[in-house]
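>>> Output the structure for:
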Amino acid sequence: MRKRITLHDLAGQLGLTIQTVSKALRGLPGMSEQTRSEVFRLARELGYMTKDQKQTLQLDHISPYPIVQRRFVLVQNKLSLNFNQLLLQGLHERFMEFGHTVQPLLIPPQLKPSQFEAWAEKEGLLYSEGVFIAPRMSHDSLEQKLLELPLPRILLNFPPPESSVDSVIWDVYEAVYQAVRRLVRMGHKQIMYVGDTKDQRGFVIRWQAFCEAMKEAGLPVDSEAHVTQRDGTDQWLEDLQAQYRKHQPTAVISGIDEEATPVYHTLRRLGAAIPQQCSFAALLNEQSGTLPLCSRPQLPIRETGYRAADRMLWRIANPHLPYEHVRLQGAFFTGSTIQKLSEKAFPGILS
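Residues are numbered from 1 along each chain as shown. Predicted coordinates:
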């Protein structure tokens with residue numbers, strides 16, 4: 001039988017007063033954010049819930065103290081490993097509160113759609129309680145196979161048209177829009193976008209956001225002046241060098257996490273002083289040790305995992321309700337790689 005956890009238990013373990021713990025859980029002022037975070041962390045670990053939290057779960061028909069311990073699966077491939085650690089952290093954090101588990105399952109890179117059913121049977125996929133589908137599946141047909149599984153499913157991506165699935169995703173459209181607006185407010189008009197615009201739905205959405213944000217600012221977008229073509233080689237880095245020399249942008253946005261470091265160092269090799277001669281913003285999953293403190297829209301990937309776990313439990317409890325699509329938005333972080341455009345550095349551009 002589960003031991004009932006009280007405010008007194010939390011306060012005793014943390015060395016705080018009951019009043020401080022209560023205020024922390026209710027979001028009231030009177031303590032540091034570090035103290036508040038420690039209270040929330042311990043409450044999650046011990047399974048303590050406030051009255052309001054329990055009422056919310058009851059409204060969604062989710063038991064706060066489930067008898068059945070469920071096993072879920074996060075299906076991923078090699079292309080998504082760089083951010084799936086963050087997704088798993090969020091999933092684990094939320095499921096830990098209920099005693100559930102989530103297992104990462106890697107799709108073999110050579111797997112063909114015709115082999116999917118045999119692979120799923122071998123891995124016991126159909127014996128899980130539900131499936132989380134990571135972004136950047138190598139084939140749309142494989143993603144479609146996953147979407148057709150007779151299990152509760154949460155797509156961690158922007159959903160394709162007519163898909164019958166709940167989705168939770170960090171909002172890269174808003175992220176790119178934030179980056180463009182921040183640079184425009186700093187006086188930049190010649191902004192170059194670097195990133196694939198075709199291979200994944202999220203890549204297409206990034207480019208759409210860039211074009212629409214530039215249009216809103218009254219700035220033209222000539223696709224030939226940006227670095228958007230990929231052929232599986234490093235040719236795009238040579239294209240970047242040629243386009244930078246030709247157009248001399250005052251700012252560059254790198255739209256894909258794994259390309260940010262090579263973009264930055266290519267600009268430096270071209271002699272661009274960042275941010276004095278060229279501001280640089282990037283869509284990073286998290287700050288990279290190979291870059292300076294990078295100005296970027298913050299992508300709430302871990303929080304997406306946490307929210308997706310909620311959606312899974314909600315879907316299991318409410319199988320007949322309409323599908324829902326959730327987008328999570330982060331704030332823009334100003335690091336050391338962007339600055340306001342000055343007339344001294346770029347005579348004539350600001351006029």
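
>>> Please make it C-alpha for all contacts and neighbour counts, starting now.
OK.

>>> where exactly do the helices run in the protein?
In the chain, the helices defined using DSSP state H lie at 7-14, 18-25, 33-46, 51-59, 81-96, 116-122, 140-147, 172-185, 201-216, 235-247, 257-269, 301-317.

>>> Now do the domain split for the protein, please.
Under the assignment automatic domain parsing, the domains of the chain span 7-48, 71-171+299-330, 172-298.

>>> can you put these in JSON lines and add distance to S336, mean neighbour count and mean pLDDT?
Formatted as JSON lines, the domains of the chain follow (distance: least, Cα to Cα, whole Å; neighbours: other Cα atoms under 10 Å; pLDDT from 0 to 100):
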{"stretch": "domain 7-48", "distance to S336": "25", "mean neighbour count": "15", "mean pLDDT": "79"}
{"stretch": "domain 71-171+299-330", "distance to S336": "18", "mean neighbour count": "18", "mean pLDDT": "90"}
{"stretch": "domain 172-298", "distance to S336": "6", "mean neighbour count": "18", "mean pLDDT": "95"}
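
>>> if we compare those domains, which one ends up closest to T337?
The minimum distance between T337 and the domains of the chain falls on domain 172-298, with 5.0 Å, by Cα to Cα.

>>> Let's have the domains of the chain in a markdown table, adding distance to Q339.
Formatted as a markdown table, the domains of the chain follow (distance: least, Cα to Cα, whole Å):
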| stretch | distance to Q339 |
| --- | --- |
| domain 7-48 | 29 |
| domain 71-171+299-330 | 21 |
| domain 172-298 | 6 |
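
>>> picking up where we left off before, mind giving me TSV with the helices of the chain and columns for distance to V102?
Output for the helices of the chain, formatted as TSV (distance: least, Cα to Cα, whole Å):
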stretch	distance to V102
helix 7-14	27
helix 18-25	26
helix 33-46	16
helix 51-59	20
helix 81-96	7
helix 116-122	16
helix 140-147	17
helix 172-185	25
helix 201-216	25
helix 235-247	38
helix 257-269	25
helix 301-317	9
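
>>> Out of these, which gets nearest to G130?
Closest to G130 of those, according to Cα to Cα: helix 301-317, at 7.4 Å.

>>> What is that closest one packed up against?
When contacts are defined as 3 or more Cα pairs under 8 Å, 6 or more residues apart in numbering; DSSP states H and E, helix 301-317 packs onto helix 81-96, strand 153-155, strand 166-170.

>>> Between these, which one is closest to I274.
Ranking the helices and strands packed on helix 301-317 by proximity to I274 (Cα to Cα) places helix 81-96 first, at 25.8 Å.

>>> what angle sits between the closest one and helix 301-317?
50 degrees (axes from the mean of the first three to the mean of the last three Cα atoms, to 10 degrees).

>>> Tell me what angle helix 81-96 forms with helix 257-269.
Using the same axes, to 10 degrees: helix 81-96 against helix 257-269 is 140 degrees.

>>> what does helix 81-96 contact?
With contacts defined as Cα atoms under 8 Å, 6 or more residues apart in numbering, helix 81-96 is touched by 44-45, 74, 76, 101-102, 104, 134, 285, 301-310.

>>> how about 7 Å then?
Residues from elsewhere that reach helix 81-96 (Cα atoms under 7 Å, 6 or more residues apart in numbering): 101-102, 285, 301-306, 309.

>>> mind saving the C-alpha coords of it as CSV?
C-alpha atoms of helix 81-96 as CSV (Å, rounded to 0.1, in the frame of the first residue of the first chain):
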residue,chain,number,x,y,z
LEU,A,81,19.1,10.7,-31.1
ASN,A,82,20.6,14.2,-30.6
PHE,A,83,17.4,15.5,-29.0
ASN,A,84,15.7,12.3,-27.8
GLN,A,85,17.8,12.3,-24.6
LEU,A,86,15.9,15.5,-23.7
LEU,A,87,12.6,14.0,-24.7
LEU,A,88,13.3,10.9,-22.6
GLN,A,89,14.2,13.1,-19.6
GLY,A,90,10.8,14.7,-19.8
LEU,A,91,8.9,11.4,-20.3
HIS,A,92,10.8,9.8,-17.4
GLU,A,93,10.1,12.7,-15.1
ARG,A,94,6.4,12.6,-15.6
PHE,A,95,5.9,8.8,-15.6
MET,A,96,8.1,8.5,-12.5
